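> Can you look at this prediction? I've put the sequence above it.
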Amino acid sequence: MKKLELHWRILIGMVLGLLFGYAMTQVFWGADFVKDWIKPLGSIFIKLLKLIAIPLILASLIKGISDLKDISKFKQIGLRTIVIYIITTVVAISIGLLIVNITNPGDGISKETITRLTETYANDSGVQAKIAEATKQQSSGPLQFLEDMVPDNAFAALSNNKMMLQVIFFAIFLGISMLLIGEKKAKPLKDFFDSINEVVLKMVDLIMLTAPVAVFALLANVVVSSNDPDLLLALLKYVGVVVTGLLLMIVFYLFLVSVYTKKNPFWFLKQISPAQLLAFSTSSSAATLPVTMERVEEHIGVDKEVSSFVLPVGATINMDGTSLYQAVAAVFIAQALSFDLTFADQLTIVLTALLASIGSAAVPGAGMVMLVIVLESIGFPAEKLAIGLALIFAVDRPLDMCRTVVNVTGDATVSMLVAKSVGKLHKPQPKEWDDHLEEVI
Ligand code: ASP
């Protein structure tokens, strides 16, 4: 019998997880049961993905760079990547601003709803924590991000998942130095990292065998932890605007893929779908990164020379879904709380949402922290920040799930565009988890 394709298996796991989660909300012990007995399965899966993220980035980036025949190619890839990332982010923010200004979701929200949301969430520890986090990030100088990118201890950087840019810096530095010592001397090290890279990609295959169960657990937990459904309904228009914007962004990617790489956009969607489904279930582009890399390299055919740089960098700095959401949320909050926005304010949103998405961590809920900075940049009164965030807090998790899908799809799209532009988009050669199984049993 033909095995059901991975994305179908994951999708079935997701649907069952949602149904099971809903059923558990109907019994009084349901939420505790899910937290104690189901959620750990999802958490273990995320831990496994995070476990292999740093070895994968390190090995594949070092392999990618040391495979280059000359360094100027790397400069070309780097520059194109950054420029395309900035362009897609600006497009995302513009789409967000356009639809939120046309539909004005904040105008229709009643005084009672605002009061209710404020009472429920303004003093919530979640909202307060986001404001505190944003204040911490803001107190740093303009070049702090550059300084933060350079590690002073390679092992410390490698031992911290939050230091992705430091790991990338170290890997590029090492890879370039390997090129400079000449092929013969670099060979042992190159073979070593080649082998690590192969092994880690195999680990991705193995971890993905458990993905359907893991997404079941993750989604069941999301359902039992979700907020009052009435509040979700009150915010339906706002949710609709964000989701429409995100869908338009996906259409934009598909357009780019089909026009520039001449590949069938639906084929692209099918190949990348396991990564998208995981992005949705985990709300974290960082946790999804190993799967994104595996799909893009093996199933789409992007050369490692490109994907090993474009994807880890993208997971950290390119967040189109997040920036679109920040633009919509900022305007929505301003409308709901009758804070007038000028055209200049909207331009400020474009700039700060761009910077904020670069600065957002690739973890659940990070986009909301940076939203505080976007709001402050347009002069939104500090004492109203908590009320503003309270308005959208109830629906942040589902929107986070959706925007993470766009973040991951954006990175995959850009890796294809860059690969095509430097002649590094090949015929895909997918590997299965059990390719060599008969040799070992
Ligand atoms: N969860 C998002 C990501 O990991 C970031 C955010 O928008 O909160 O890509």
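Received the coordinates, thanks.
> Regarding the residue in the stretch 301-441 of the chain that the ligand sits nearest to, which helix or strand does it belong to?
Residue of the stretch 301-441 of the chain nearest the ligand, by CB to the nearest ligand atom: Gly367 (2.8 Å). All C-beta spots, glycine's among them, are computed from the backbone N, C-alpha and C. Using DSSP states H and E, Gly367 sits within helix 366-377.
> re the thing from before, what pLDDT is listed against the residue of the stretch 301-441 of the chain closest to the ligand?
Note for Gly367: predicted pLDDT of 89.
> tell me the contacts of the closest residue to it other than its chain neighbours?
Closest residue to Gly367 apart from its sequence neighbours, by CB to CB, 6 or more residues apart in numbering: Thr322 at 4.0 Å. The contact partners of Thr322, by CB atoms under 8 Å, 6 or more residues apart in numbering, come to Ala356, Ser357, Ser360, Ala366, Gly367, Met370, Arg403, Asn407.
> SS state for Ala362?
Recorded secondary structure, Ala362: coil (DSSP: H, G, I helix; E, B strand; the rest coil).
> quick one: it from Phe216, how far?
Separation of Ala362 from Phe216 (CB to CB, to the nearest Å): 23 Å.
> ok, the two, which is more surrounded?
Shown here are Ala362 and Phe216; by other CB atoms under 10 Å, Ala362 has more neighbours (28 against 25).
> ok, the more buried one - contacts?
Counting by CB under 8 Å, 6+ apart, Ala362 has contacts Met164, Ser284, Ser285, Ala286, Leu289, Ala315, Thr316, Met319, Asn407.
> Report pLDDT for it.
So, for Ala362, pLDDT stands at 81.
> And the one 10 residues further on, by the same measure?
If you check Val372, the pLDDT there is 91.
> burial of it, as a residue count?
Val372 is flanked by 27 other residues according to other CB under 10 Å.
> just the one 4 residues further on next, same as before
Neighbouring residues of Glu376 were enumerated by other CB under 10 Å; the total is 16.
> Surely it is in contact with Lys384?
No - in this structure Glu376 lies outside contact range of Lys384 using CB atoms under 8 Å: 10.9 Å.
> Which parts of the stretch 301-441 of the chain are helices?
Using DSSP state H, counting those that start in this stretch, the helices of the stretch 301-441 of the chain run over 304-317, 320-336, 343-359, 366-377, 385-393, 396-421, 437-440.
> Might you report the residue contacts of Leu19?
No contacts exist for Leu19 under CB under 8 Å, 6+ apart.
> which one is Ile392 nearest to, not counting chain neighbours?
Going by CB to CB, 6+ apart, Ile392 has Ala329 as its nearest residue, at 5.4 Å.
> Quick check: that neighbour touching Val372?
No - applying CB under 8 Å as the test, Ala329 and Val372 come out as separate, 10.5 Å apart.
> one step back: now, which of the contacts of Thr322 sits nearest Leu61?
Distance ranking of those against Leu61, using CB to CB, places Asn407 first at 19.8 Å.
> could you give the mean pLDDT of stretch 50-62?
The average pLDDT within stretch 50-62 is 93.
> Does that stretch reach the ligand?
No - judged by CB under 6 Å from any ligand atom, stretch 50-62 makes no contact with the ligand; its nearest approach is 12.2 Å.
> For that stretch, output the C-alpha coordinates as CSV.
Presented in CSV, the C-alpha positions along stretch 50-62 are these (Å, rounded to 0.1, in the frame of the first residue of the first chain):
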residue,chain,number,x,y,z
LYS,A,50,15.8,22.7,18.7
LEU,A,51,18.4,20.2,19.7
ILE,A,52,19.6,19.7,16.1
ALA,A,53,19.2,23.3,15.0
ILE,A,54,22.7,24.5,15.9
PRO,A,55,24.6,21.5,14.7
LEU,A,56,22.6,21.7,11.4
ILE,A,57,23.3,25.4,10.9
LEU,A,58,26.9,25.1,11.7
ALA,A,59,27.6,22.0,9.6
SER,A,60,25.6,23.1,6.6
LEU,A,61,26.8,26.6,6.5
ILE,A,62,30.4,25.5,6.8
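> Make 228 the first number, not 1, from now on.
With 228 as the first residue, the last one maps to stretch 277-289.
> contact partners of that stretch?
So stretch 277-289 is in contact with 385, 388, 391, 394-395, 397-399, 401-402, 405, 416-417, 420-421, 423-424, 427-428, 430-431, 434, 513-514, 516-517, 520, 524, 531, 534-536, 539, going by CB under 8 Å, 6+ apart.
> and the residue of the stretch 278-427 of the chain nearest the ligand?
Lys357 (10.3 Å).
> Dump the contacts of Thr549 into TSV; add neighbour count as well.
Shown next, in TSV, are these (neighbours: other CB atoms under 10 Å):
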residue	neighbour count
Ala583	28
Ser584	29
Ser587	26
Ala593	24
Gly594	30
Met597	27
Arg630	31
Asn634	31
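> And Asp351, its phi and psi?
Here is the backbone geometry of Asp351 (degrees, to the nearest 10): phi -60, psi 140.
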